[in-house]
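*Asks:* Structure for this input, please:
(chains A and B)
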Amino acid sequence: MYKEIIKILLVDDDEDDRLFFKEAIDELGMNTSLSFFENGQEFIDFMKVPGQALPHIVFLDLNMPVKNGLECLEEIRNDKTLKDLTVAVYSTSSSEQDIENTFIAGANIYINKPNSFNKLKKVIKKVLELNLQYHTSNLNKDTFLLNI
Amino acid sequence: MKLYLKYDVQTIFRKILEEQLNTLNIKYEISGLGEIYFDEPLGIDDLKQVSTLLEIYGIEIINDHKSQVVQRVKEAITEIVADSSILNNKKMSDYLSERINYSYTYLSSIFSEVTYSSIENFLIIKKIDRVKELLLTEFTLKEIAHQLGYSSVAHLSGQFKKTTGLTPTSFQKIVKIRNSK
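*Replies:* Predicted coordinates:
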């Protein structure tokens, strides 16, 4: 059950951010697999391929060209196959209104982009551990909200 | 038109087990949330049948010892959260240890190894999940705090904010708006 690999998807247009994220995950020592998408459209197109396995969690950058995070999020929540995906949005904004709006739009997790590598590792670890609990312990996913 | 439902997982689980197991011709007894006793040991074909029947409902047979231990800890904690009087003034660690028949050190170590988390942390997550459920009903914060064994509303709000990053009020507001969309 837990020896299962945690499948993570990251949607971020910035190459440095993607690398940073990958390094943080690699250092966590958890059993994970990570895939990248450079924009929201690529991600949605990929997920809509029939028979595509759902990841355990998607990390979505709020600020992206082509399709920004919020639009992506709304499309996910309105799609039959994708609507139960666990989505973690991250953004540089820490405004309470932005945070609330993101949750209202359907995000499970709101991450205020940390400015240090160690903080990033801590945040991702907490998110992955909590998400694992939601997948395995009879918790209510509809009210899975985390602001971190 | 929208209908709001409340449900009890224990009842649902039990009913499913009964319905499915009754289609086989084997004597069984359901004990607790996650255990079935069979008078006679099951043959491989029967075991496979049971497994297939339950699979459609997302119910799995747990094979390895460590996962079983973790499952029993989770069940015990779920019960404690649903009704804190079970503890009867005992410390949670003592209660778990007595009930599952292993030292608390052993239970903690297996739990952390299998779940990447600690028993104490799991208890908090379960409690907060229950708080969220209650926040969407007519109960006041004061009543919820009392029901779950928090010493005060401040204590509950503090733990809620620490665990979710949101205040109980923010949470209520967000879910209300979400549900009205």
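
*Asks:* Residue A:53 - that's part of a helix, no?
*Replies:* No. Using DSSP: H, G, I helix; E, B strand; the rest coil, the assignment for residue A:53 is coil, not a helix.

*Asks:* quick one, phi/psi of it?
*Replies:* The phi and psi torsions at residue A:53 (degrees, to the nearest 10) take the values phi -70, psi 140.

*Asks:* any idea how far the closest residue to it other than its chain neighbours lies from chain B?
*Replies:* What sits nearest to residue A:53 in space, not counting adjacent residues and going by Cβ to Cβ, 6 or more residues apart in numbering or on different chains, is residue A:7, at 7.3 Å. In short, each C-beta sits where N, CA and C put it, glycine included. From residue A:7 across to chain B, the span is 15 Å (Cβ to the nearest Cβ, to the nearest Å).

*Asks:* tell me which element residue A:7 is part of?
*Replies:* strand A:6-11 (DSSP states H and E).

*Asks:* contacting residues around that strand?
*Replies:* Contact with strand A:6-11 is made by A:18, A:21-22, A:25, A:30-40, A:42-43, A:53-61, A:64, A:69, A:72, A:128, A:131-132, as judged by Cβ atoms under 8 Å, 6 or more residues apart in numbering or on different chains.

*Asks:* For chain B, which segments count as helices?
*Replies:* Here chain B has its helices, by DSSP state H, at B:9-21, B:44-55, B:65-82, B:92-100, B:104-115, B:119-135, B:141-147, B:153-164, B:168-179.

*Asks:* how about a markdown table for these, with mean pLDDT and distance to chain A added?
*Replies:* Compiled in a markdown table, the helices of chain B are given as follows (pLDDT from 0 to 100; distance: least, Cβ to the nearest Cβ, whole Å):
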| stretch | mean pLDDT | distance to chain A |
| --- | --- | --- |
| helix B:9-21 | 85 | 6 |
| helix B:44-55 | 85 | 14 |
| helix B:65-82 | 91 | 6 |
| helix B:92-100 | 93 | 16 |
| helix B:104-115 | 91 | 5 |
| helix B:119-135 | 94 | 4 |
| helix B:141-147 | 93 | 14 |
| helix B:153-164 | 96 | 6 |
| helix B:168-179 | 93 | 5 |
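
*Asks:* mind checking which of those helices is nearest residue A:115?
*Replies:* helix B:153-164 (21.7 Å; Cβ to Cβ).

*Asks:* quick one on the thing from earlier: which of the contacts of strand A:6-11 are buried?
*Replies:* A:18, A:21, A:25, A:30, A:32, A:34, A:36-40, A:43, A:55-61, A:64, A:69, A:72, A:128, A:131-132 (16 or more other Cβ atoms under 10 Å in any protein chain shown).

*Asks:* Just the ones in strands from the residues you listed, please.
*Replies:* Counting by DSSP state E, the part of the buried ones among the contacts of strand A:6-11 found in strands is A:32, A:34, A:36-37, A:57-61.

*Asks:* Dump those residues to CSV, plus pLDDT.
*Replies:* Converted to CSV, these look like this (pLDDT from 0 to 100):
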residue, pLDDT
A:32, 92
A:34, 95
A:36, 94
A:37, 93
A:57, 95
A:58, 95
A:59, 96
A:60, 94
A:61, 92
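
*Asks:* related to what we said a few turns ago, neighbouring strands of the strand holding residue A:7 in the sheet, and parallel or not?
*Replies:* strand A:32-37 (parallel), strand A:57-61 (parallel) (DSSP bridges).

*Asks:* name the element residue A:118 belongs to?
*Replies:* Counting by DSSP H and E, residue A:118 is found in helix A:117-136.

*Asks:* Report the central residue of chain A.
*Replies:* By Cα atoms, centre = their mean, chain A has its centre lying nearest to residue A:59, at 2.1 Å.

*Asks:* my bad, should have said chain B
*Replies:* Chain B, centroid-nearest residue using Cα atoms, centre = their mean: residue B:78 at 3.6 Å.

*Asks:* Hmm, residue A:138 and it touching each other?
*Replies:* Yes. With contacts defined as Cβ atoms under 8 Å, residue B:78 counts as touching residue A:138 at a distance of 7.1 Å.
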